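**Student:** Dropping a prediction and its sequence here:
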Amino acid sequence: MAKGFPNMGGKNMNNMMKQVQKFQKDMEKMQEDLDKQEFESTAGGGVVKAVVNGKQDLLKIEIDPDVVDPEDVETLEDLILAAVRDAMSLAREKTEGEMSKLTGGLNMPGLF
């Protein structure tokens, strides 16, 4: 019996450790899968497209040449920001949703 943990015999501790190890492996696999996924968002009716991965790294920006107006750079900047923010939000929501499935809704701050 472990000192300081009454009623926690070696068998119970071994089962708990196995569960923790399985949880850790499941979490690592989920994160790897999410990191490989791409999340895409558009703005301005599709004239600007942003693509991020599950790590929220910006992978690609596509801009329709017809929207590029040297006299109105501010609108283009706003469209780019909107597309990037939305794509990152999609990635974050997916990560949080998958984590919630894995943890059963437990609040585990700092894991992601």
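**Tutor:** Cool, the structure landed. Numbers count the residues shown, from 1 in each chain.

**Student:** Let me know the distance separating the residue nearest in space to the middle of the chain from Gln31.
**Tutor:** In the chain, the centroid-proximal residue (CA atoms, centre = their mean) is Thr95; its distance is 3.4 Å. Using CB to CB, to the nearest Å, one gets 8 Å for the distance from Thr95 to Gln31. C-beta here means a position set from N, CA and C on the backbone, and glycine is covered the same way.

**Student:** Which parts of this structure are strands?
**Tutor:** For the chain, applying DSSP state E gives strands covering 38-43, 48-53, 58-63.

**Student:** and the last one, which residues are buried?
**Tutor:** By neighbour count with 16 or more other CB atoms under 10 Å, strand 58-63 contains the buried residues Ile63.

**Student:** For it, give the mean pLDDT please.
**Tutor:** Mean per-residue pLDDT for strand 58-63: 96.

**Student:** swap in the second one?
**Tutor:** When pLDDT is averaged over strand 48-53, the result is 96.

**Student:** Now do that strand: everything it contacts.
**Tutor:** 35-43, 58-64, 67, 76, 79-80, 82-84, 86-88, 90-91 (CB atoms under 8 Å, 6 or more residues apart in numbering).

**Student:** hmm, which of those are the buried ones?
**Tutor:** 39, 41-43, 63, 67, 76, 79-80, 82-84, 86-88, 90-91.

**Student:** helices and strands of this protein: which one has the lowest mean pLDDT?
**Tutor:** Least confident helix or strand of the chain, by mean pLDDT, DSSP states H and E, is helix 10-36 with a mean of 86.

**Student:** buried set for that helix?
**Tutor:** For helix 10-36, the neighbour count (16+ other CB under 10 Å) marks Met27, Met30, Gln31, Leu34 as buried.

**Student:** can you give me the angle that helix makes with strand 48-53?
**Tutor:** Angular relation of helix 10-36 and strand 48-53 on a 0 to 180 degree scale: 150 degrees, by axes from the mean of the first three to the mean of the last three CA atoms, to 10 degrees.

**Student:** name the helices or strands packed onto helix 10-36?
**Tutor:** helix 73-103 (3 or more CB pairs under 8 Å, 6 or more residues apart in numbering; DSSP states H and E).
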